[in-house]
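Novice: let's see this in three dimensions:
(2 chains)
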Amino acid sequence: MSTILPIVAFVIILVCAGLLFFLTLPPKRRPRWGLRPITAFSELIRSLGLSVEEGTRLHLTLGHTGITQPTSASALIGLQALERITAVSSISDRPPLATSGEGSLTLLSQSTQRAAYRLNNALDLYDPQRGRLTGVTPLSYAAGMLPIAHDENVSVHLMIGHYGPEIGLLCEAAVRNNAFTLAASDSLSAQAVLFATTKQPLIGEELFAIPAYLQTSPAHVASLRVQDLLRWGVILALVLSAVLGVFGWL
Amino acid sequence: MRSPVATAIAIGVGLIVLLSYLFPLPVLASIRMLFLDWAIILAAVAGLVAILNLFSVHWRKIGSPRERDYYSLFFILGFIFTAILGLLLGPTDERIRPLITSVQLPVEASLVGLLTITFVVSAVRLFALHRSWISGLFLASTIVFLLVGSGIFLTNDTSPVIKEVLTILNILPGAGARGILLGIALGSLLTGLRILLGMDRPYSE
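Specialist: Sure, this is the predicted structure:
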């Protein structure tokens, strides 16, 4: 690695952190930004309400990546969604169930649910068995979720995490049980499968918009704004390097 | 307020690991290795705890009048059998490995077979799920790039112009994938930053 690259990376991280802090502050002089409507999220919020009213269960699956792996960002987004969803449906007859395919992720899902119950002053209703490991290999993880889809009266499946094509098994089970499915993954193969098998797939970086749309905190909306700015930066850099390349200056 | 100690530890460790990646000074690198060793040990312990949790879930399912599941009995028996054999003989024993893989591999192979059928059914049902032009584009591009990628159009008689067109077509999926991955990378960067700044704390109650 050349000596300039780490410094550039460090500066980019510092600028992003600064922007994140600035945009998280309450807007006094800045205009308040709205989020563009995404059908998947309005459908999700409607399905969440219906699930609580009908006394059916919500199942959120976080994937099978380890928390120390480079693909853990999608699982962290899943955990934020889990916290919000547990908070709004903790008093339901059938509270949400979180599954994962990796040990540390299972423990984090239990911890996240516990935190949501504690914030709702309903810690006595918390059950650690609502954060489950279903299998430690990708296929056993997918197979372990199938009984949940068929037997636990689940009406909403949220798939937010890192998967392989095996996630198609759960999607098929969800379709057979007429359950609502919203799916997002950082894996390209999983995205292709999810597009073909779920009703509301989120493509690409839409995954990272989930916490903002679930109204978890201003930091998540600010994070989306910074992401947009960075995207423009990447576009400019790509166009500029292409132009410079064409004229032989790069 | 959520645990300030856990937050401080997470931020401190995260910053040290990040700085050691960017500026590989010997002091930072040795601290990073120490943290990574701890993380690996903790992840292994977490795996053990989660497996015990899986056992307890199935144990409760056998006795639960509301969600009784007799298949859980097979899990419990299989788990005890494998765990006892593994503890007595060791996981690398030549008698255990074939015993476990001769069950695990056929089951997983049958699941892959099931997955293939699921994909075919999903392809047929695609237009029922998404009534839009994107479904058509998705299906058409899948077929086109499958054919182009298979190389059936490349023969000795293929004209240079068609070869050029096929080369350009072969670049398109990679370019699209890179576009999606760039978006994912930006999102991952911001997610990591939120954890580093203590804005998200999935580790803390």
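
Novice: show me where chain B has helices.
Specialist: Here chain B has its helices, by DSSP state H, at B:4-22, B:26-63, B:71-89, B:96-129, B:133-150, B:160-196.

Novice: okay, the ones you listed in JSON lines with mean pLDDT next?
Specialist: Below are those laid out as JSON lines (pLDDT from 0 to 100):
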{"stretch": "helix B:4-22", "mean pLDDT": "89"}
{"stretch": "helix B:26-63", "mean pLDDT": "91"}
{"stretch": "helix B:71-89", "mean pLDDT": "90"}
{"stretch": "helix B:96-129", "mean pLDDT": "88"}
{"stretch": "helix B:133-150", "mean pLDDT": "87"}
{"stretch": "helix B:160-196", "mean pLDDT": "91"}
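
Novice: for the ones you listed, give me CSV that also has distance to A:Gly144 and mean neighbour count.
Specialist: The way it works is simple: take the backbone N, C-alpha and C, and place the C-beta from them, glycine included. Shown next, in CSV, are those (distance: least, CB to CB, whole Å; neighbours: other CB atoms under 10 Å in any protein chain shown):
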stretch, distance to A:Gly144, mean neighbour count
helix B:4-22, 30, 15
helix B:26-63, 8, 15
helix B:71-89, 9, 13
helix B:96-129, 11, 14
helix B:133-150, 29, 12
helix B:160-196, 26, 16
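
Novice: pipe the ones you listed into a markdown table and attach distance to chain A per row.
Specialist: Output for the helices of chain B, formatted as a markdown table (distance: least, CB to the nearest CB, whole Å):
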| stretch | distance to chain A |
| --- | --- |
| helix B:4-22 | 4 |
| helix B:26-63 | 3 |
| helix B:71-89 | 7 |
| helix B:96-129 | 5 |
| helix B:133-150 | 6 |
| helix B:160-196 | 3 |
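
Novice: okay, the ones you listed in CSV with distance to A:Asp127 next?
Specialist: Putting those into CSV (distance: least, CB to CB, whole Å) gives the following:
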stretch, distance to A:Asp127
helix B:4-22, 23
helix B:26-63, 10
helix B:71-89, 17
helix B:96-129, 29
helix B:133-150, 40
helix B:160-196, 27
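
Novice: out of those helices, which comes closest to A:Met159?
Specialist: Proximity to A:Met159, assessed across these by CB to CB, is greatest for helix B:96-129 (14.5 Å).

Novice: go through the helices of chain B and name the closest to A:Arg94.
Specialist: Between the helices of chain B, helix B:26-63 lies closest to A:Arg94; by CB to CB that is 15.1 Å.

Novice: show me which strand runs longest in chain A.
Specialist: strand A:154-162 (DSSP state E).

Novice: does any bit of that one sit next to chain B?
Specialist: No. On the criterion CB under 8 Å from any CB of the partner chain, strand A:154-162 is out of touch with chain B, staying 10.4 Å away.

Novice: count of residues packed around A:Val52?
Specialist: 21 (other CB atoms under 10 Å in any protein chain shown).

Novice: now do the one 4 residues further on
Specialist: By the measure other CB under 10 Å, the count of residues near A:Thr56 is 19.

Novice: ok, now which ones touch it?
Specialist: Listed by CB atoms under 8 Å, 6 or more residues apart in numbering or on different chains, the contact partners of A:Thr56 are A:Leu50, A:Arg94, A:Asn153, A:Val154, A:Ser155, A:Val156.

Novice: mind giving me the PyMOL select for the residues you listed, buried ones only?
Specialist: Buried members of the contacts of A:Thr56, defined by 16 or more other CB atoms under 10 Å in any protein chain shown, are picked up in PyMOL with:
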select buried, chain A and resi 94+153+154+155+156
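
Novice: what is the nearest of the contacts of A:Thr56 to A:Ser72?
Specialist: Once CB to CB is applied, the member of the contacts of A:Thr56 that ends up nearest A:Ser72 is A:Val156, at 24.0 Å.

Novice: which residues touch that closest one?
Specialist: Here A:Val156 is in contact with A:Leu44, A:Ser47, A:Leu48, A:Ser51, A:Thr56, A:Arg57, A:Leu58, A:His59, A:Ala179, A:Phe180, A:Thr181, A:Leu182 (criterion: CB under 8 Å, 6+ apart).

Novice: burial measure for the nearest residue to it once chain neighbours are set aside, as a count.
Specialist: Nearest non-adjacent residue to A:Val156, counting by CB to CB, 6 or more residues apart in numbering or on different chains: A:Leu58, 4.4 Å away. If you count neighbours by other CB under 10 Å, A:Leu58 ends up with 27.

Novice: centre of the chain to stretch B:106-116, how far?
Specialist: Taking CA atoms, centre = their mean, to the nearest Å, the mean C-alpha location of stretch B:106-116 is offset from the chain mean by 18 Å.

Novice: and the contacts of that stretch?
Specialist: Residues contacting stretch B:106-116 (CB under 8 Å, 6+ apart): A:Thr137, A:Leu139, A:Ser140, A:Ala142, A:Ala143, A:Pro165, A:Glu166, A:Gly168, A:Leu169.

Novice: which of those residues are close to chain B?
Specialist: Applying CB under 8 Å from any CB to those, those adjacent to chain B are A:Thr137, A:Leu139, A:Ser140, A:Ala142, A:Ala143, A:Pro165, A:Glu166, A:Gly168, A:Leu169.

Novice: name the helices or strands packed onto the helix or strand where the last one lies?
Specialist: When elements are defined using DSSP states H and E, A:Leu169 is found to belong to helix A:167-176. In terms of contacts (3 or more CB pairs under 8 Å, 6 or more residues apart in numbering or on different chains; DSSP states H and E), helix A:167-176 is packed against helix A:138-151, strand A:154-162, strand A:180-185, helix A:188-197, helix B:96-129.
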